[in-house]
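Participant: Sequence first, then the predicted structure:
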Amino acid sequence: MVSNTVKVPDSRKIRFALVGCGRISANHFDALEKHADQAELVDVCDIDPEALQKAVARTGARGHASLTDMLKETTADIVVLTTPSGLHSEQAIEVARSGRHVISEKPMATRWKDGLAMYAACQKAGVYLFVVKQNRKNATLQALRNAIRQGRFGKIYMAVINVFWTRPQSYYDAAPWRGTWALDGGAFMNQASHYVDLLDWMIGPVDRVHAYTATLARDIEAEDTGVMSVRWKNGALGSINVTMLTYPKNMEGSIVVLGEKGTVKVGGVAVNKIEHWEFEDKRPEDEQILNSNYETASVYGFGHPLYYHNVIEVLRGRATPDTDGSQGLRSLALLSAGYRSAWEGREVAIDEFRQDAVGSV
């Protein structure tokens, strides 16, 4: 937690800069536009001249080809990192040292030691580190988490998460960093990162994991398919099953929670539909639960504007971060422990990993 941080006064807009004008940047541009009364995008940066030109044309922000050069000139209060994940740590450290807050897209880093380094740098500089987990804002997942926190399931026995999507070879070929260990990671680290987050955020602290990964069809360094068995500290068992090889298109992003007194499935292509909702204690609000459902053609959902609302409120001094660097590290520990398990062919305890994994993964 950052203390004694000077808040941005209500008398002016919060100034944002963004680095990395690729695929996901459009969601951030959209979110900032929805908060135009409170926020403005003053600078954008990308090493690709074409991507940079498009971003400048869309946003009207000043364009820069170098983060270092941008930081010398920008008036931004906070810098958004939508670059390849393997660059987040180095860039976050540079931004923090310039005295600016940081928003990092998921995952915050591709290696545990890099996540620790960027977190420490932001703490030392006294700036906020926000890690984007916009799926937490989905109405469907909010409803499920509220039911868990209210104890409606009783003892939770099992939770199963499925991410059955597709990424053709052309997706990976479109950018040379995709599917690489250094900059991207595989299906768990990249595409399913938000779903790995649900293991901890929804069900609670994880005790240990045992994972298998494979590269079955795509010409990439990292995995296109993986499974992970999970045991939580509360005794529940479960799994997360991920593939980017579903034929012929994205099919399902789902979570099922089975408990002593309740059963819920949130499915759809991206946890956007409550498909089963049943509890021993019937409540009037259950009749309206399907109102949480929404249609989407995008696996990103619609949570970015809600995420930015929290960021703005934090920088105004009116709220605490929904997902900060410590939350990002919890997900990164799970991901890193899963990869270590797959590579070493053994069960990995999360607490043991956090204690000894610095520099190992």
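Facilitator: Right, received. Where do you want to start? Computed from a predicted structure; not experimentally measured.
Participant: what's residue 351 in contact with, if anything?
Facilitator: residue 207 (CB atoms under 8 Å, 6 or more residues apart in numbering). C-beta: built from backbone N, CA, C; applies to glycine.
Participant: Give me the domain ranges for the chain.
Facilitator: For the chain, the TED database gives the domain ranges 14-131, 138-274+325-360.
Participant: Mind listing what's buried along the helix or strand residue 122 falls within?
Facilitator: Here residue 122, judged by DSSP states H and E, is contained in helix 112-125. Buried residues in helix 112-125, counting neighbours by 16 or more other CB atoms under 10 Å, are found at 112, 114-119, 121-123, 125.
Participant: what's next to the very next helix or strand once past that helix, contact-wise?
Facilitator: Later in the chain than helix 112-125, the nearest helix or strand by DSSP H and E is strand 129-131. Applying CB under 8 Å, 6+ apart, the contact partners of strand 129-131 are 92, 96, 101-104, 106, 108, 118-119, 122, 311, 314, 321, 323-325, 327-328, 331.
Participant: From the residues you listed, which land in strands?
Facilitator: Judged by DSSP state E, the contacts of strand 129-131 include 101-104 as members of strands.
Participant: TSV please, covering those and showing pLDDT.
Facilitator: Below are the ones in strands among the contacts of strand 129-131 laid out as TSV (pLDDT from 0 to 100):
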residue	pLDDT
101	98
102	98
103	98
104	98
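Participant: May I ask which two of those residues are separated the most?
Facilitator: Distance extremes for the ones in strands among the contacts of strand 129-131: the farthest pair is 101 and 104 at 10.7 Å, using CB to CB.
Participant: Where does the prediction get shaky in this protein?
Facilitator: Applying pLDDT under 70 to the chain flags the ranges 1-6, 297-298, 300-301, 353, 355-361.
Participant: Please, where are all the helices along the stretch 1-150 of the chain?
Facilitator: Using DSSP state H, counting those that start in this stretch, the helices of the stretch 1-150 of the chain run over residues 25-34, 49-59, 67-73, 88-97, 112-125, 139-149.
Participant: Among those helices, show me which one is buried the most.
Facilitator: helix 88-97 (a mean of 22; mean count of other CB atoms under 10 Å).
Participant: okay, now residue 317: neighbour count?
Facilitator: A count of neighbours around residue 317, defined by other CB atoms under 10 Å, yields 12.
Participant: same thing with the one 10 residues further on?
Facilitator: Residue 327 is surrounded by 20 other residues when neighbours are defined as other CB under 10 Å.
Participant: For residue 105, see how far away it is.
Facilitator: 14 Å (CB to CB, to the nearest Å).
Participant: One more: residue 229?
Facilitator: Applying CB to CB, the value for residue 229 to residue 105 is 28 Å.
Participant: Which one's more surrounded, the two?
Facilitator: Each of residue 229 and residue 105 has its neighbours counted (other CB under 10 Å); residue 105 has more, 22 against 17.
Participant: and that one, what is it in contact with?
Facilitator: Listed by CB under 8 Å, 6+ apart, the contact partners of residue 105 are 20, 24, 80-83, 85, 88, 132.
Participant: swap the cut-off to 10 Å and go again
Facilitator: Residue 105 makes contact with 20, 24-25, 27-28, 80-85, 88, 131-134, 193, according to CB atoms under 10 Å, 6 or more residues apart in numbering.
Participant: Can you pull the phi/psi pair for the closest residue to residue 165 other than its chain neighbours?
Facilitator: Of all residues not flanking residue 165 in the chain, residue 250 sits nearest, at 4.4 Å (CB to CB, 6 or more residues apart in numbering). Reported as degrees, to the nearest 10, the phi and psi values for residue 250 are phi -50, psi 130.
Participant: again, but for residue 262
Facilitator: As for residue 262, its main-chain torsions (degrees, to the nearest 10) stand at phi -170, psi 150.
Participant: Against residue 230, how distant is it?
Facilitator: Taking CB to CB as the measure, residue 262 falls 19 Å from residue 230.
Participant: Neighbour count: the two, which is higher?
Facilitator: Neighbour count, other CB under 10 Å: between residue 262 and residue 230, residue 230 has more, with 26 against 19.
Participant: Just want the phi and psi numbers for the more buried one.
Facilitator: According to degrees, to the nearest 10, residue 230 has phi -130, psi 140.
Participant: That one is in contact with residue 199, isn't it?
Facilitator: Yes - counting by CB atoms under 10 Å, residue 230 touches residue 199, with 6.0 Å between them.
Participant: Overlap in contacts, these two.
Facilitator: Common neighbours of residue 230 and residue 199, using CB under 10 Å, 6+ apart, are 159, 161, 206, 209, 238-240, 334, 338.
Participant: can you tell me which of these are in helices?
Facilitator: 334, 338 (DSSP state H).
Participant: Excluding covalently adjacent residues, which one is nearest to residue 84?
Facilitator: Using CB to CB, 6+ apart, the closest residue to residue 84 is residue 183 (4.1 Å).
Participant: now residue 35, nearest residue through space, not along the chain?
Facilitator: residue 308 (5.6 Å).
Participant: From residue 140, how far out is the one you found?
Facilitator: According to CB to CB, residue 308 stands 20 Å off from residue 140.
Participant: Repeat that for residue 236.
Facilitator: Counting by CB to CB, the gap from residue 236 to residue 140 is 20 Å.
Participant: these two touch, right, residue 252 and residue 166?
Facilitator: No - using CB under 10 Å, residue 252 is not in contact with residue 166, being 11.2 Å away.
Participant: what sits in contact with each of these two?
Facilitator: With CB under 10 Å, 6+ apart as the test, residue 252 and residue 166 both reach residue 246.
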